[in-house]
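Asks: Compute the structure for the input listed below.
(chains A and B)
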Amino acid sequence: MIYIFDGAMGTMLQNAGLPPGYCPELWNQEQPAVITAIHKSYIDSGSDIIETNTFGANRIKLTHYGLEEKVALLNTAAVQAARAACGPDTKIAGSVGPTGKLIVPLGDLSFDDAYNVFFEQISALDQAGVDMILIETIIDIQEMRAALLAAKAASKKPVICQMSFGADERTVTGTDPITATIILEAMGADIIGVNCSLGPAQLLPIVEKIAQTTNCPISVQANAGMPSLINKQTVFPMQPEEMGLWAKKLVAAGARYVGGCCGTTPQHIKSIYQAVKHLALSDLPTVQSAKKSTALTSRSKTIYLGAGHPTVIIGERINPTGRKQLAADIAAGQFISVKKEALSQVRAGAHLLDVNMGVPGIDQAKAMQYAIQELSMLVDVPLVIDTTDVNALEAGLKAYPGRALINSVSAEPERLKSFLPLAKKYGAAILCLPISPAGVPKTAQDRLVVIQEIIHKAFETGLKPGDFVLDALILTAAADARAGLEALATLKLYRQHLGYPTTMGLSNISFGLPRRDIINATFCAMALDAGLDAPILNPYDPLMQQTLAASALLLGDDPSGRSYSVNYAPTSQSEERAAPLTPKNIIEQIHLAIVSGEKEAVVPLVEQALREGHKSIDISEQALTTAMNKVGIAFGNGQCFLPQVLLAAESMRAAFLTIKKELPAHATTSLGTIILATVKGDIHDLGKNIVAALLENNGFTVIDLGKDISPEKIVEKALEHKADIVGLCALMTTTMPQIDHTIAALKAAGCSAQTIVGGAVLTQEYANQANADSYAANGVDAVTIAKGFMADKAH
Amino acid sequence: MPIYNPTIQTLDMSELKRYSGLTKCTEFPQRLLDQACTEAQIISQPKASWQIYDYDASTSTIMSPEPLSLPPTVISKHLANSLKVAVIAVTIGPDLEKLVSEYFSKNEYTLGLLLDAAGTTAVELAADQACELIKQDENKQGYTTLFRFSPGYGQWDIRVQPQILTLAHGDEINITATSACMLLPRKSITAVIGLTPTVSNLPHKETIEGSKCDQCQQINCLSRKD
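Replies: Down below sits the predicted model:
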């Protein structure tokens, strides 16, 4: 059966005389007859379900009107006004809209506060007698999660969850329809859908994606096309007849609840009713829903595990066990190293990240909540919450704007009792670990029995077949000769008897043995053939990566070996690099290393040159100085770029330091003394710092005064150090006049130093009028000008 | 006043290269670029705040509680068809610039420069995300958003910065302006986004859309788009 929702409420209220800026929900109390009449007009047009006038009747929205204490009253009045319009077959959906705020960490509203706001409103709607709860127009999946949890707690009635997507088929906070559907179905939404923001043409592909993902009923309430603004009024262009035609397509795509949103009227609903109400479901195309594998999601990405899907790598590195620095950072509330591990693992190819905050003596719930929040902002791969602490588990699940995997659920009664309800409540999947109160089963057959027991309990709690990942349990091969064989046999039994996706922590197998990487990679290849879907491993291990790539090819997951070839075929670029450059001697080698910016390579080369008896002055002049000159010329010709110049400068510095270290008595002659400063009022110093680096590494003594430096200070230091040159920098038009003031002050004080000026807004013309001696467009120019000046001075 | 903390999940490497002057460079150690990206992602604390105001195009005035008249330069032309404006402030916080200074003081100039460029990429990305949020919200009401126009573009005097910051409630996300009208933290942006009616044939659209570099007087800038 197709159910017909109603259409827009706001425009109907405006047409009925609601003043601009007036609280629409207040009319539930003040003008209930008007509200009832609007409902009636929709029912007369064919609506089976009408929505209460409570879209903004939550505490946060009502606060804008000073009505925050009227949440219960206005929601109750809305239901009464709706009920007054209903016939015996009409249902009432309690409309629940967004709070208008974003939830932490995207915004400043806490998840708990959002939950409480929704709970208050939904309780009022429920008690007033709605038939279902409709959470609609939500753009943030975390807000929808808070609202859905609140609805499940406040009411036993069906809950419809409708997200709003943009033209790119994502919510503005990044969630796509497939990901949203997976999260909401797992959390117990009864009907999943979409409304607002777009017209039916744009919503059609979104409905198709939802239908391919779930067997839940689907609802859709489109706007009457994409709006224009005419005479400062928002106008929706789609006429009722066209809306009806689109409704047929939406139903064919899988929608079973159809209505209208912004810009729709009773006429639009009538057209929809006439187009789809009496369609026979048996005449509609069958929508192919997704395979029943296990899906995990972040806010913006879905990963499927199981047969028919590529191997999923679970990165194991965010785990403080045995890692003192990581443990210390977590204990200190410093999550820099956790974030670094996350980004590095994802770059190394991890598809899921295991997150373990198991540091003794800390508040693990707080640490887990923070880690999950931070990682959900940083990476888009789904997370695995790895803890034995039930409070940490709930904190992590609550904070996570996706569908997480819980690592792990064993058959120990306490674990089953505490973890399974949390998985159900927050829509998480569980990693089932075959450990029972009797301990670790030795044989594969015994492990299967324990796993079946866990799954049985999980079903009793309300979990479903798509909620499991089975761990085959690896013992240490050094301690148990059959450890590998039993794990492989377990994988095969799982595949044969259960068919759910499988995982295991690979590195356990090699504990206590040398070259663990060889054992781990070999065992991984064997396990993949035996049915392993999602190994937990160290993604940085190159041998493991090679094994995974080769296994994907051999197991048919990499057609034609395309991915393997991309990663491992020699490229023309690497061939070019391999072509050896053949400098004639060590001096040329040093020269080349400086030009190429190979800081690490230059040190041993300089050491070798000194050992071979080359004089430091020769190294300096024939290798280092000529190299920097060459780099400078290449920069001027546009053949070399600033970061490369800086790399060369770093290499130059490393070479000088090596000479000094090897020959402490070696005195390098300074080319001259330069005072550098960013002028008063200006806080930008990147460019000045670059100039300082280049001058220093070209042999000048640089006294860098820093940024925001007054003319008086610059004059004082120039005189004190008998500066040869004063370099001044300004970035903004507002601070540029300080260049003039400083030069005037230098001249007034009788300072004979030459002045060089530069900075983003400076020009040669400005330098001229400021009486500067020179203008440098960049750091390399500054070096050339400074060298030229010192050469002139010497003559 | 909305507050939004954008996510920095990926930084556009081509933008990072552009801001560090590497656009035309064919060979540069990827390791350093990756490190700059990673560190920028980790230490950035992106935040955005904004406020929507009515706009009187006939007098080029933002109708804030204390109305702000705009000069008859490119900004006024840019907003000629706007009925409202969003005034926005965005930052990635102070930590990145401190790290850049640390790198220079440790003589790791290249990484300092690349991290600074990654910070610019990050704050631009954060601003783009906030603008997208505004765009989707306003599209629903029949408005089209113009590209964000910042003080300093098109001869718009940056001395307006404190007033723009006030209109965007920048203090709520800890952005301040110095006496020389520079933003602190340095990796911060303020801008005005025009909201025009969604109708076709906006006469000014073609002339003002496109590269923001076109509005900038720094013609020798290393990051300038051709």
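
Asks: So which residue is smack in the middle of chain B?
Replies: B:Ile189 (4.2 Å; CA atoms, centre = their mean).

Asks: what is that one paired to in the beta sheet?
Replies: Beta bridges link B:Ile189 to B:Val90, judged by DSSP bridges.

Asks: pLDDT wise, what is it at?
Replies: pLDDT, B:Ile189: 97.

Asks: residues contacting it?
Replies: Counting by CB atoms under 8 Å, 6 or more residues apart in numbering or on different chains, B:Ile189 makes contact with B:Ile88, B:Ala89, B:Val90, B:Thr91, B:Val123, B:Glu124, B:Ala127, B:Arg148, B:Ser150, B:Leu183. C-beta: built from backbone N, CA, C; applies to glycine.

Asks: and those residues, which of them are in helices?
Replies: Using DSSP state H, the members of those that fall within helices are B:Val123, B:Glu124, B:Ala127.

Asks: With respect to A:Ala57, which of the residues you listed is nearest?
Replies: B:Ala127 (33.9 Å; CB to CB).

Asks: Relative to B:Leu96, how far out is the residue nearest to the closest one when sequence neighbours are not counted?
Replies: Nearest residue to B:Ala127, sequence neighbours excluded (CB to CB, 6 or more residues apart in numbering or on different chains): B:Val90, at 4.3 Å. In this view, B:Val90 and B:Leu96 are 14 Å apart by CB to CB, to the nearest Å.

Asks: returning to what we had before: which of the contacts of B:Ile189 tops the neighbour count?
Replies: Counting neighbours by other CB atoms under 10 Å in any protein chain shown, B:Val90 comes out on top of the contacts of B:Ile189 with 31 neighbours.

Asks: if you average pLDDT over stretch A:108-124, what comes out?
Replies: For stretch A:108-124, the mean per-residue pLDDT is 98.

Asks: swap in stretch A:378-398?
Replies: For stretch A:378-398, mean pLDDT rounds to 98.

Asks: Could you pull out the strands in chain B for me?
Replies: B:3-4, B:47-56, B:61-62, B:68-69, B:84-91, B:143-145, B:176-177, B:183-184, B:188-197 (DSSP state E).

Asks: Redo these as TSV? Include distance to A:Leu676.
Replies: TSV is the format used below for those (distance: least, CB to CB, whole Å):
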stretch	distance to A:Leu676
strand B:3-4	39
strand B:47-56	33
strand B:61-62	41
strand B:68-69	38
strand B:84-91	28
strand B:143-145	43
strand B:176-177	26
strand B:183-184	22
strand B:188-197	25
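
Asks: Quick one, which of these gets closest to A:Arg317.
Replies: Among the strands of chain B, strand B:47-56 sits nearest to A:Arg317 (CB to CB), with 29.0 Å.

Asks: CA-only coordinates of that closest one in PDB, if you can.
Replies: C-alpha atoms of strand B:47-56 as PDB (Å, rounded to 0.1, in the frame of the first residue of the first chain):
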ATOM      1  CA  LYS B  47      36.200  27.200  13.400                       C
ATOM      2  CA  ALA B  48      33.700  29.400  11.600                       C
ATOM      3  CA  SER B  49      31.100  31.900  12.700                       C
ATOM      4  CA  TRP B  50      28.800  34.100  10.600                       C
ATOM      5  CA  GLN B  51      25.700  36.200  10.600                       C
ATOM      6  CA  ILE B  52      23.200  37.000   7.900                       C
ATOM      7  CA  TYR B  53      22.200  40.600   7.400                       C
ATOM      8  CA  ASP B  54      19.900  42.400   5.100                       C
ATOM      9  CA  TYR B  55      21.700  44.400   2.400                       C
ATOM     10  CA  ASP B  56      20.600  47.700   0.800                       C
END
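
Asks: which secondary structure elements does it contact?
Replies: Under the contact criterion of 3 or more CB pairs under 8 Å, 6 or more residues apart in numbering or on different chains; DSSP states H and E, strand B:47-56 touches strand B:3-4, strand B:61-62, strand B:84-91, helix B:109-139, strand B:188-197.

Asks: I'd like to check the angle between the third one and strand B:188-197, please.
Replies: Comparing the axes of strand B:84-91 and strand B:188-197 via axes from the mean of the first three to the mean of the last three CA atoms, to 10 degrees yields an angle of 160 degrees.

Asks: still on that earlier bit, pick the most buried one from the strands of chain B.
Replies: Neighbour counts (mean count of other CB atoms under 10 Å in any protein chain shown) averaged over each of the strands of chain B peak at strand B:84-91, with a mean of 27.

Asks: Average pLDDT for it, rounded please.
Replies: Here the average pLDDT along strand B:84-91 is 98.

Asks: now stretch A:205-218
Replies: For stretch A:205-218, mean pLDDT rounds to 96.

Asks: In that stretch, which residues are buried?
Replies: Along stretch A:205-218, these residues count as buried under the neighbour rule (16 or more other CB atoms under 10 Å in any protein chain shown): A:Ile206, A:Val207, A:Glu208, A:Lys209, A:Ile210, A:Ala211, A:Gln212, A:Thr213, A:Thr214, A:Cys216, A:Pro217, A:Ile218.

Asks: Among those, which lie within helices?
Replies: Using DSSP H, the subset of the buried residues of stretch A:205-218 located in helices is A:Ile206, A:Val207, A:Glu208, A:Lys209, A:Ile210, A:Ala211, A:Gln212, A:Thr213.
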